[in-house]
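Q: Fold the following and give me the result.
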Amino acid sequence: MSQEASPGPDARVLRRLLEREDLDGFVDAVAPLLPGQAGDRTRQNNVSGVRIYLKWCAAQGHPVLHPSDAQAAAYRSWLEAHHAPATSKNRLSQVRHLYDALGRCGVTQEQPFRGVRGPVNRPEEHRDHYSAAELTRLLTHANTEERALVLLGAHGGLTGPEVLELRFEALRLWQGDLEVGGRVIPGSAELLEALARWGHQRGHTALFSAQGPVFDLASAFLLRQRIFRLCRRANVPYRAWQALRNAAGLRLLGLVEREEAQAQLGLAGSESLRPLVKLSGQPQRRRGPKRRGEHREEEGPQAAPGHPRGAEGQ
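A: Alright, predicted model coming up:
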């Protein structure tokens, strides 16, 4: 990452600021030596990380200019107890940048954080999803609109913004699919039926000629509100919309090849799918195309009831 060319503040000035416990003044003085450019996100994140570390040192009585190995290990433990693995790793990296900057200024040459590595981040452990049993309860308690919403996420794998922007013109129920975000999404029998019922309830008896928004939801907040209220009625823990997409991903991994699951979800690459593959517990990559009429015995552990229409022929 780029850094601004600057000789940096005088070492005596930095020491004096710390002696006066002027943490804000110290951060302002050292900020130009941190990664990034003034005002950009990289610089802001590094300044934030340094400020958090300085406040921790003050609260715990640890010296800033003479850190020990034990101090570095204690900060790592504190981060792990208060932040996700990815955030902890970033905060440790920001402290290393701080001590690199102090070393260039001649304030201190001690850098115990170089030997401290952040926790291993296993994305699959943080992929929240609705289980098959939870989806069954949601669908049991859902009204016509809510059923269509849940299945668009849990079977269709649509994102929240895609649901908000979905138009009747994108529903090709007579073909058994939807065209969303430049991709064709095969619809399960449950999803297609739910969309047809919702369309009829809205007065569209001939969906092939219907036009306009599928839902009257003006914001992501209203979408979350619909799902939250349904979860309360069904006695299911509320989760973000992404949990429905993750359920769709797990379901697809039990029905189609990984490349097809990736394409239907609109993921940019195989790395984006890997956490769901690990979460699904699949022992190895499936090989060979799936033939029409072939039935797969192994399905993802979270597979929702029902198969996508035409999935065998994809």
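Q: C-alpha only now, for contacts and for neighbours.
A: Will do.
Q: And A133, how far from A248?
A: 14 Å (Cα to Cα, to the nearest Å).
Q: repeat for L17
A: Per Cα to Cα, L17 is found 54 Å from A248.
Q: quick one: which of the two has more around it?
A: Applying other Cα atoms under 10 Å to L17 and A248 shows that A248 carries more neighbours, namely 27 against 16.
Q: ok so that one is a helix residue?
A: Yes - judged by DSSP: H, G, I helix; E, B strand; the rest coil, A248 forms part of a helix.
Q: mind giving me the domain split of the protein?
A: 11-121, 132-313 (automatic domain parsing).
Q: Would you mind pointing out the helix or strand Q37 falls in?
A: Using DSSP states H and E, Q37 maps to neither a helix nor a strand.
Q: What's the local residue count around it?
A: 17.
Q: Now stretch 151-163: buried residues?
A: For stretch 151-163, burial by neighbour count (16 or more other Cα atoms under 10 Å) applies to 151-160, 163.
Q: make that stretch 107-115, sorry
A: Within stretch 107-115, the residues scored as buried using 16+ other Cα under 10 Å are 107-108, 110-114.
Q: what's in contact with that stretch?
A: 11-12, 14-15, 65-69, 72, 92, 95-96, 99-100, 102-103 (Cα atoms under 8 Å, 6 or more residues apart in numbering).
Q: Give me the buried subset of the residues you listed.
A: When those are checked for burial by 16+ other Cα under 10 Å, the buried set is 14-15, 65, 67-68, 72, 92, 95-96, 99-100, 102.
Q: for the record, mean pLDDT for stretch 145-162?
A: Computed over stretch 145-162, the mean pLDDT rounds to 95.
Q: what's the straight distance from one end of that stretch to the other?
A: OK, stretch 145-162 end separation, Cα to Cα: 16 Å.
Q: from the chain's centre, how far out does that stretch sit?
A: 17 Å (Cα atoms, centre = their mean, to the nearest Å).
Q: who's in contact with that stretch?
A: So stretch 145-162 is contacted by 135, 138-139, 163, 180-181, 185-188, 190-191, 194-195, 198, 220, 223, 226-227, 230, 241-242, 244-249, 251, 264-265, 308 (Cα under 8 Å, 6+ apart).
Q: From the contact counts, what lies against the lowest-mean-pLDDT helix or strand in the chain?
A: Taking mean pLDDT, DSSP states H and E as the measure, the helix or strand of the chain with the lowest value is helix 270-280, at a mean of 74. Contacts defined by 3 or more Cα pairs under 8 Å, 6 or more residues apart in numbering; DSSP states H and E place helix 270-280 against helix 241-253, helix 258-265.
Q: Tell me what angle the shortest one forms with helix 241-253.
A: Put plainly, it is helix 258-265. Counting by axes from the mean of the first three to the mean of the last three Cα atoms, to 10 degrees, helix 258-265 lies at 150 degrees to helix 241-253.
Q: Now do helix 258-265, average pLDDT.
A: 84.
Q: CA atoms only: put that helix into CSV for me.
A: Coordinates of each C-alpha in helix 258-265 appear next as CSV, following Å, rounded to 0.1, in the frame of the first residue of the first chain:
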residue,chain,number,x,y,z
ARG,A,258,-20.8,-26.9,-8.3
GLU,A,259,-20.3,-24.8,-11.5
GLU,A,260,-24.0,-24.7,-12.0
ALA,A,261,-24.7,-23.8,-8.4
GLN,A,262,-22.1,-21.0,-8.6
ALA,A,263,-23.7,-19.7,-11.8
GLN,A,264,-27.3,-19.8,-10.4
LEU,A,265,-26.1,-17.9,-7.3
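Q: related to what we said a few turns ago, quickly, which of the domains of the chain bottoms out on average pLDDT?
A: For the domains of the chain, mean pLDDT drops lowest on domain 132-313, to a mean of 81.
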